[in-house]
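Student: this is a predicted model, with the sequence first.
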Amino acid sequence: MRALIIEDEIMVAQALKRMIANIVGVKLTSLDHVECVADGELFLQGNEIDVVFLDLNLGGENGFDLLTEMVAQPFQTIVVSANTDQALQAYELGVVDFVPKPFLEDRLSDAIARLDTHHALAHAGCGNAKFLGIRHRGNTRIVAIDDVVRIQAAAKYSELYLASGSVFMHEKNLGQLMMLLPENFQRVHKSHAVDLLQIQDLVCQPGSKYELVLISAETVPVGRSFVSALRARLA
Amino acid sequence: MPWNEQLICISEQLKSQYGALIIPCYNKKMERTSIIEFLAGSLLLFSCLLPLSAGAQQENVPLTAEQNNAVLSEPRAIRWVKVTQMYVRQGDDIRWVSTPVDKGLWQLVNASEITRTPGISWVKQTFNLLPENLEIQAPMAVYLYGEASAEVYLNGVFVGRKGVPGVNAVAEQAGNIEANFYVPPGLLKPENNLLAIRFSSHIPGLKNYRLALEPRIGPYLDPQRLRMNTYLPSIFLVSAIGIAAIFFGARYALRQNEKAGLWLALMFLFSVLQLSAELYHVFFNFAYKWQLTRLALVFVFAIGSGVFLNLAIMAHFGIRATLRWVPVALALILSLPLLQGASFNQATFFVSVTYVLLAISLAGYLVYQRQKNARWLLGGLIVLSTAFAAPVGRFLDGTYYYAMSLGALALFILSATKLETTRKRAAQVEALSNRLELELLKKHLQPHFIMNTLMALSEWIVESPATGVKMIQSLAVEFRILYEVSGKSLIPLAREIKLCHTHLDLMSYRKKQRFRLDVSIANEDVQIPPALFHTLIENALSHNRYQAAEIVFTLSQTEDSALTTYIFSAPVGKLVRGSKEANSSGGVGLSYIKARLEESWGDRATFTDRLASGPTPAENVWRSVIEISKGKS
């Protein structure tokens, strides 16, 4: 795992480093620390990471903008903050976890455990996000998850298909997104996830190929190994 | 023009003037004065009336009530022949009571400006009675006002004396300033009556002083009732001005921080004194020798009133203290005309005009400076100055009272407005003070401070328990001091510095850096609002990211006779994102500082905060300067 800590409180950063190293153990391939977001952005231009531990003083819009920018990027975000009253907003914007300060190693360990994508692979969305930040030509915009009909993997990114017909590219992969999306999103294929509320029918094609017909009349293939879980959700 | 026609002409003129004075006085002008003054004035009037009615009983009035009422019920008949020019001759000859005037030997003079000569002199004049006086069968009288002892003869018959004229001060028995003489029935003819007065005046005082000897002939009236009729409005107005003096005096005694209030009270006090001295002769007769003293008092009081009027305006609008000597110095210059032989009345008039003009030019300057309420002041003063259009005598006897009362009314309004503003501001400041206390405590309970501190502490416990214990101590001390000072509006400077050191200790543990405050204090024995510099330190720490191992803040205090100056400098670090506005004057911390300064010192404290360049860019500092000017305490 490659992790970055953005934290201006040196003692907190020190605690984070010590605990993360302890929790992740040998799987930890890189652990860096910067003091501010500007330095963080600089670091991210030259480095790929899996997770950022972000100290967020969500005082005003700055905090909101900053978080929107962070969650649009191809890594997961864990907020480590003193301002617990901002937790709900942070979850809605799509962070994996919100760890209130001061924290113990156990709490941080829970947060890191939520990064493990395996349990989300065959299942429903397990996050609380209501919005997704999307980076588009240098700007960050926000898409309401209620407007998203289905998601399709595209190389290491994802394509969001909206009810309006628009398609947006998200820098996170499908597995990362599933961890943020609410549970009405179901993974139906290695490369597809849909909003259950948008499903009209599950059709079995010759050769045991399954297909979903959406309200919008689009069809989405269903992976063989995903059928039983999907059936259970639709029942 | 023959002299008797001239006299008629003069008397006609006087009739219209004097008549105009009495009747409209309490019909129209009284209504124009404010209700407040009326109520206040009537209170004082009551106390004024008691001694006056006592004084009335002492006069020997040979009139029956019916006679008096008969005259009073005929206001048309209350007219006087006022003799304003007379023939004067030095010397003493009893035959002059009836001989006609030889214009070669007798000299025509104004009755109000008779040159004093040693020994005894005579004045003579002929006059016709007014038709109004002839219509009703009223008893007649000669009134005589003037700074002389005199015997009065009408058509060759002795009608009375005030004092006994004498060739020198020893031989003379000084008469009262004012006297009235009952004229036996049948003595006066409709036309060509001869008035002759034998007089002497040995008034001590100014060499060039010219005396007045002003006779008038008219119906014999109860003198007190007559005076009351004439001067009733003046009593009201003097009372109103007196109320103003008491009001502003009491207000100053209660709240001594407003010098303008004191000057205002003194101005009204001097006005009351001036007008009382002016009115004194109306109600209390006195030996004519005191006349000069009385006029001198009027003059001095007029100067006092003028000086304090200007001082009050200057203090109210905060004009430089050095300029305040101008009105005082002016008093000396204004006294010069007296030495040149000007009459006291003229000098007093001149003084009033000059001070009001000075006040008007001050007000004009203040309007130019766009000072609040200055327009009202200017308007009021211009209205007041219209009173000077009246002739000197009329001004001092009547118009002046209206002008002063109008001025009092205007100042009441001005003062009430200011009082209200002050009260509102005090209420705001108090509300602010409560808010600031809360703000100060909240700052330390807000999660960003306390949670980060606790997180750092828990990390120290893992890394070095001994350091953790020290950090707990710092945190405890800081909270203790904050709790102690947050409710106060001023704390000793030493306490504030202790708070700063403690906070920096705590922050040193939290940031694993060394923070230090270097202090240079000229006078430690002063009080400042709580957490002033503490807030500046917090601001610097939250908006700058410091990389160096040791960070030094400095605080210096210098003092001179006028100013106490605090300079706080914080090194410039890497700017924290999103906090650009915080180092300019808009941040929360800085508004806390400004509010605290305002609360304790009002306009006397200033706060500036800016980036100051050092010898090298690396040595640039955020420099905050607090200046507190030493006001009048």
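Tutor: Thanks, I have the structure now. Residues are numbered from 1 along each chain as shown, chains lettered A, B, ... in the order given.
Student: select the longest helix from the chain.
Tutor: With no chain named, the answer covers chain A. Counting by DSSP state H, the longest helix found in chain A is helix A:10-24.
Student: the intended chain is chain B.
Tutor: helix B:400-445.
Student: and that one, what's its mean pLDDT?
Tutor: Computed over helix B:400-445, the mean pLDDT rounds to 78.
Student: immediately after it, which helix or strand?
Tutor: Counting by DSSP states H and E, the element after helix B:400-445 in chain order, helix or strand, is helix B:447-463.
Student: would you mark the buried spots in that following helix?
Tutor: B:447-460 (16 or more other C-beta atoms under 10 Å in any protein chain shown). Backbone N, C-alpha and C define where each C-beta goes, glycine included.
Student: equivalent analysis for stretch A:16-23, please.
Tutor: With burial defined by 16+ other C-beta under 10 Å, the residues of stretch A:16-23 counted as buried are A:16-17, A:19-20, A:23.
Student: could you dump these to CSV with pLDDT?
Tutor: Listed next are these as CSV, based on pLDDT from 0 to 100:
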residue, pLDDT
A:16, 95
A:17, 95
A:19, 96
A:20, 95
A:23, 94
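Student: looking at those residues, which is nearest residue B:170?
Tutor: residue A:16 (113.9 Å; C-beta to C-beta).
Student: let me know the pLDDT of the closest residue to the closest one other than its chain neighbours.
Tutor: Of all residues not flanking residue A:16 in the chain, residue A:5 sits nearest, at 5.2 Å (C-beta to C-beta, 6 or more residues apart in numbering or on different chains). pLDDT recorded at residue A:5 is 94.
Student: what is the burial count for residue A:221?
Tutor: Neighbour count for residue A:221, taken as other C-beta atoms under 10 Å in any protein chain shown: 15.
Student: that one belongs to a strand?
Tutor: Yes: Residue A:221 forms part of a strand when assessed by DSSP: H, G, I helix; E, B strand; the rest coil.
Student: need the next SSE after the lowest-mean-pLDDT helix or strand in chain A, C-terminal direction.
Tutor: Counting by mean pLDDT, DSSP states H and E, chain A has its least confident helix or strand at helix A:118-121, which shows a mean of 55. Using DSSP H and E, the helix or strand that follows helix A:118-121 towards the C-terminus is strand A:131-136.
Student: how about that following strand: buried residues?
Tutor: A:131-135.
Student: returning to what we had before: determine the set of other helices and strands touching the longest helix of chain A.
Tutor: Judged by 3 or more C-beta pairs under 8 Å, 6 or more residues apart in numbering or on different chains; DSSP states H and E, helix A:10-24 is in contact with strand A:2-6, strand A:30-34, helix A:105-113, helix B:447-463, helix B:493-511.
Student: from residue B:489, how far off is residue B:531?
Tutor: 11 Å (C-beta to C-beta, to the nearest Å).
Student: tell me, what's touching the two both at once?
Tutor: Residues touching both residue B:531 and residue B:489 (C-beta atoms under 8 Å, 6 or more residues apart in numbering or on different chains): residue B:596.
Student: quick revisit: so which of the buried residues of helix B:447-463 also contact chain A?
Tutor: B:447-448, B:450-452, B:454-460 (C-beta under 8 Å from any C-beta of the partner chain).
Student: between those, which is nearest residue B:114?
Tutor: Among these, residue B:448 lies closest to residue B:114 (C-beta to C-beta), at 92.6 Å.
Student: give the contact list for the closest one.
Tutor: Here residue B:448 is in contact with A:57, A:82-83 (criterion: C-beta under 8 Å, 6+ apart).
Student: apply 6 Å and report the result again.
Tutor: A:57, A:82 (C-beta atoms under 6 Å, 6 or more residues apart in numbering or on different chains).
Student: repeat that for residue A:116.
Tutor: So residue A:116 contacts nothing (C-beta under 6 Å, 6+ apart).
Student: could you measure from it over to chain B?
Tutor: Computed as C-beta to the nearest C-beta, to the nearest Å, the residue A:116 to chain B distance reads 26 Å.
Student: and that residue, how far is that from residue B:407?
Tutor: 88 Å.
Student: burial of the residue nearest to residue A:16, as a residue count?
Tutor: Neighbour tally, residue A:5, other C-beta under 10 Å: 23.
Student: thought it was touching residue A:18?
Tutor: No: applying C-beta atoms under 6 Å as the test, residue A:5 and residue A:18 come out as separate, 11.1 Å apart.
Student: and stretch B:167-176, how far apart are its ends?
Tutor: In stretch B:167-176, first residue to last residue: 18 Å (C-alpha to C-alpha, to the nearest Å).
Student: chain center to that stretch: distance?
Tutor: Centroid separation for stretch B:167-176 versus its chain: 42 Å, with C-alpha atoms, centre = their mean, to the nearest Å.
Student: now stretch B:300-318
Tutor: So, by C-alpha atoms, centre = their mean, the centroid of stretch B:300-318 is 5 Å from its chain's centroid.
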